[in-house]
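A.B. asks: Predicted model, plus sequence, below.
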Amino acid sequence: MNHLLNLTKKELRELLTPGAIISVIVMVVIFMGVGTMIGGAMNDVTSASKIGIVNGDEGGYWSEFAIDSIYDFYEAAYNLTPEEASEYIIMLDSPFGDNEQIAKEMLDKGLSSAFGIVEGFTLSIDSQIQTTIEEYYIFSNSGLLGTASTLISSTIVPWVSNCISVELVSDITGPAPAEFMLNPIDQVSAPQYTYIKGNVYEGVTPIEISSSIMSQTMMVPIVIMMIIMVIGNMVISSMGSEKENKTLETLLTMPVTRTTIVGGKLLASAIVGLVYGLAYLIGMSFYVGGITSSANGVNLADYGLSLGVTDWGIIAVMIFLAIFCALGMCMILGAFTKNYKAAQTMMLPISVLAMIPMFVTMFVSWGSLPAVMKAILFAIPFSHPMMVMNNLMFGDLTLVLEGLVYLVVFTLVIVLITVRLYKSDILLTGLGQTKAGKMARAISSKGKKR
Amino acid sequence: MEDTLIVNNVRKTYGEVEAVKGISFSVKEGEVFGLIGPNGSGKTTTLRMISTLLRLTGGSITVCGHDVSGDSDAVRKVISYLPEDAGAYRGLTGRAYLKFMAGFFADGEEFERMVSKGIELADLGDRIDSKIDTYSKGMARRLLIARAVMPSPRIAIMDEVTSGLDVINAYETREIIKNITKGGVTVLLSSHNMFEVDMLCDRIAMINEGRIVLTGAPEDLKKEYNAANLEEVFVKAVKG
């Protein structure tokens, strides 16, 4: 039997235990559930919500005008006819000023926000004295998204105020000049031009492009970081366990080259890493989809920012190489562990190396980084698959190719170091008896004496 | 009979610590040779060097004509090493473990024969299809010995093979070792259990502080030192 296949199959059996598979499935289900839940909450926030109105100026011209303009708002914002809007705009029976009663009625009618048109509202406006519209809210401990629907009131009041302004100015100047005087610059229908990758596009802004790119690429660094941490932990723990059980000692005396042993371990772990990555990607896409479903995304392909088959191939290769690098680093660290317990602490440096590029690439672009940070980011192999989607979209092929070459070289060096380590005594004796180990012990004992 | 294993002036240092200080001995084909001595005397280090796990600081080791330093791949094809307190992959069944190990030595019909031999030697009945982490220490050791013997190595190297086993399991293990030598396998074992060595070994080498103190057949050594057992021989040889 092919030795590499034999070793890979054994490693896969060890890594893909029922417990590990179940935990991945549970994680995917959790992400899907949370994504669906957030998506639902986001829809609630962006769809029409009920508001209550307490009119303390009943019969007044301007209070009736304000209520009519709220109907106009529902028509403009949610495309609702006055009949449909009347299901959302609830006139409350409670007397103006009795806040306790208003709150009780809001609770009874399931309202989270209401307006109170103050007494003398019409008189104040007619007298050219500024007036107010009171706001009532029901606070429930339902998180940030749960309270977001109350924000509607802060949108409606300025709308009503503007409608009254237009009406007041119209009385003096006529309807057309009133609109003009209040809004001399029409920014809503103004054309917007944005230069993207050598072309000028109309009707799109950088923020729309950025948010669409973000919604598609933000999960990649998170998924890569998660794979590295989960699989790295598995590999280091497996090394610790092999040493503790002395299975490694037996394996090293089999008629198989050390390169094959290292290759088998790396290949199996990388395959598991890809399986986990795919699972995380599915879970995360539901999660991110839930967050961004209501955002006004633009079709990136219309602006020459889509990814082709070759691009996806490059991304897959880079992710695979980055996982390979991480696993190689874990095997090197794992070589110095004595047992399963000690192995757990070895993951810290790898986790830090995975987290740095994740946070940087999520919030800052490569071009805006200072030179030192660029050098650090480039040196960390995990950065490249995290940045590659953006770079491919914007045609920054130099950085992509440099990253690819760097990853290949890094992977080869890591594999060579790992094989060399597997051929040395260190794997069995640890660092304890070597010069480096003695130096470490000497430093540690000096520290203790102090 | 020709020498299957030749250990010539072998030294091993860990930093400034010299664990093995120029030891020499040879083992003939089909012989059971015991390396005995107290803890830390250099037995395991010597076995690990013979098994290609550790590099030699000095001297040479030849296994079936292959030099362990220059031709370690060839050495690994003719040896089988069972470390002290060795374990197996706990997530695998006994059968899967034997199949995994047999995969390094053979394929096709030869592979199937080897696995069948391993299952027979392990003698675990239906439990061969149970996960190894459900095995008792004795069952696990039987599986490991079966693994070591299954590929019919020229030399089986066993470090403290009965360590930690109860009387029955230790007895059964010794019986397996006696039986495998009937098939012409050379056995090199280490132990600090002098009684066990006396029963099993054709010849022994006593090692103390990294040096071979004496070599010979147990009966000859007992006569030479006028001792009732090997323990007494060892004490007299070391303390003079």
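C.D. replies: Nice, thanks for sending it over.
A.B. asks: And the spatially most central residue of chain B, how far from residue A:111?
C.D. replies: Centroid-nearest residue in chain B, with Cα atoms, centre = their mean: residue B:158, separated by 1.9 Å. The spacing between residue B:158 and residue A:111, counted by Cβ to Cβ, to the nearest Å, is 82 Å. From N, CA and C alone the C-beta is placed, and that goes for glycine too.
A.B. asks: Assumed the residue nearest to the centre of chain B was part of a strand.
C.D. replies: Yes: judged by DSSP: H, G, I helix; E, B strand; the rest coil, residue B:158 forms part of a strand.
A.B. asks: OK, contacts around it?
C.D. replies: Contacts were defined as Cβ atoms under 8 Å, 6 or more residues apart in numbering or on different chains; by that measure residue B:158 touches B:81, B:82, B:145, B:148, B:177, B:187, B:188, B:189, B:190.
A.B. asks: leaving aside the residues next to it on the chain, what's closest to residue A:425?
C.D. replies: residue B:54 (5.2 Å; Cβ to Cβ, 6 or more residues apart in numbering or on different chains).
A.B. asks: So which other helices or strands are in contact with the helix or strand hosting residue A:344?
C.D. replies: Assigned by DSSP states H and E, residue A:344 belongs to helix A:340-345. Judged by 3 or more Cβ pairs under 8 Å, 6 or more residues apart in numbering or on different chains; DSSP states H and E, the packing partners of helix A:340-345 are helix A:219-245.
A.B. asks: any idea of the mean pLDDT in the helix it packs on?
C.D. replies: The average pLDDT within helix A:219-245 is 84.
A.B. asks: what's the answer for stretch A:140-147, then?
C.D. replies: Here the average pLDDT along stretch A:140-147 is 60.
A.B. asks: Residue A:61 contacts residue A:121, correct?
C.D. replies: No: if you go by Cβ atoms under 8 Å, residue A:61 and residue A:121 don't touch, sitting 9.4 Å apart.
A.B. asks: The two: which is more packed in?
C.D. replies: Between residue A:61 and residue A:121, counting by other Cβ atoms under 10 Å in any protein chain shown, residue A:121 is the more crowded of the two (26 against 14).
A.B. asks: How about stretch B:222-233, which residues are buried there?
C.D. replies: B:222, B:225, B:227, B:230, B:231, B:233 (16 or more other Cβ atoms under 10 Å in any protein chain shown).
A.B. asks: Residues of chain B that sit close to chain A?
C.D. replies: Where chain B comes near chain A, counting by Cβ under 8 Å from any Cβ of the partner chain, the residues are B:14-15, B:17, B:48, B:51-55, B:73, B:76-77, B:79-92, B:96, B:100-101, B:103-105, B:107, B:111, B:147.
A.B. asks: Buried ones among those residues?
C.D. replies: Those of those that meet the buried threshold are B:14, B:48, B:51-54, B:76-77, B:79-84, B:86-92, B:96, B:100-101, B:103-105, B:147, by 16+ other Cβ under 10 Å.
A.B. asks: which one is the closest residue to chain B within the stretch 201-350 of chain A nearest to, not counting chain neighbours?
C.D. replies: Relative to chain B, the nearest point of the stretch 201-350 of chain A is residue A:245 (3.3 Å; Cβ to the nearest Cβ). For residue A:245, ignoring the flanking residues on the chain, the nearest one in space by Cβ to Cβ, 6+ apart is residue B:87 at 3.3 Å.
A.B. asks: sorry, back to before: beta partners of the residue nearest to the centre of chain B?
C.D. replies: According to DSSP bridges, the partner residues bridging residue B:158 are residue B:82, residue B:189.
A.B. asks: Relative to residue A:226, how far out is it?
C.D. replies: Distance from residue B:158 to residue A:226, by Cβ to Cβ: 44 Å.
A.B. asks: Beyond the helix ranked longest in chain A, next helix or strand please.
C.D. replies: Scanning chain A for the helix with the most residues, using DSSP state H, yields helix A:258-292. Downstream of helix A:258-292, the first helix or strand assigned by DSSP H and E is helix A:309-335.
A.B. asks: Any residue of that following helix touching chain B?
C.D. replies: No: Helix A:309-335 does not reach chain B (Cβ under 8 Å from any Cβ); its nearest approach is 13.7 Å.
A.B. asks: Can you list the buried residues in that helix?
C.D. replies: For helix A:309-335, the buried set under the neighbour-count rule, 16+ other Cβ under 10 Å, comprises A:311, A:314-315, A:318-335.
A.B. asks: for stretch B:212-219, same thing?
C.D. replies: Residues B:212, B:213, B:214, B:215, B:218 are the ones in stretch B:212-219 that count as buried (16+ other Cβ under 10 Å).
A.B. asks: could you dump the residues you listed to a markdown table with secondary structure?
C.D. replies: Listed next are the buried residues of stretch B:212-219 as a markdown table, based on three-state DSSP:
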| residue | secondary structure |
| --- | --- |
| B:212 | strand |
| B:213 | strand |
| B:214 | strand |
| B:215 | strand |
| B:218 | helix |
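A.B. asks: Identify, from these, the entry nearest to residue B:128.
C.D. replies: Distance to residue B:128 across the buried residues of stretch B:212-219 (Cβ to Cβ) is lowest for residue B:218, with 35.8 Å.
A.B. asks: how close does the closest one sit to chain A?
C.D. replies: Distance of residue B:218 to chain A, given as Cβ to the nearest Cβ, to the nearest Å: 28 Å.
A.B. asks: Please list all residues in contact with that residue.
C.D. replies: Contacts of residue B:218 by Cβ under 8 Å, 6+ apart are B:197, B:198, B:201, B:203, B:204, B:230.
A.B. asks: that older thread, which outside residues touch the helix holding residue A:344?
C.D. replies: Here helix A:340-345 makes contact (Cβ under 8 Å, 6+ apart) with A:233, A:236, A:237, A:239, A:240, A:241, A:244, A:334, A:337.
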